[in-house]
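>>> let me see the structure of the following:
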Amino acid sequence: MVAGSARVSGGALLKLYGMIAGNLTLEPGSHVELRGVVSGDVLNQGGKLAVYGMIVGRISKQGGTATIDAKAVVKGGVMGEES
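So this is what the prediction gives:
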């Protein structure tokens, strides 16, 4: 578990199976495979996001892509650019 917010730098890959007790930010060029839980919001600034788990907050898209699996849960919805 990550206690607090996390940031994924460009060129990095994060496969999350646990929990982030805060927000998650994807920088341009990053890649996140989310199979666990983010208790806050996810801010995509230009990365590739694949959601298979749960986001308690919302996804805010300022760039990049977001793929949300049919079984995933995003309680706050998606705001910003189209996927």
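>>> of all residues in the protein, which one is nearest the centre?
Centroid-nearest residue in the chain: Val42, 4.4 Å away (criterion: Cα atoms, centre = their mean).
>>> list the contacts for that residue?
23-26, 34, 49, 55, 57-60 (Cβ atoms under 8 Å, 6 or more residues apart in numbering). C-betas here are computed from N, CA, C, even on glycine.
>>> likewise for Val56?
When contacts are counted by Cβ under 8 Å, 6+ apart, Val56 touches 37-40, 75-76.
>>> measure the residue lying closest to Glu27 once chain neighbours are set aside to Ile20 for me?
Leaving out its chain neighbours, the residue that sits closest to Glu27 by Cβ to Cβ, 6 or more residues apart in numbering is Gly10, at 4.9 Å. According to Cβ to Cβ, to the nearest Å, Gly10 and Ile20 sit 19 Å apart.
>>> the more surrounded of those two?
Using other Cβ atoms under 10 Å, the more surrounded residue of Gly10 and Ile20 is Ile20, with 22 against 13.
>>> partners of the more buried one in the sheet?
Applying DSSP bridges to Ile20 gives these bridge partners: Val2, Val38.
>>> need the pLDDT of it.
Ile20 carries a pLDDT value of 97.
>>> and it, what does it touch?
1-2, 5-6, 36-40.
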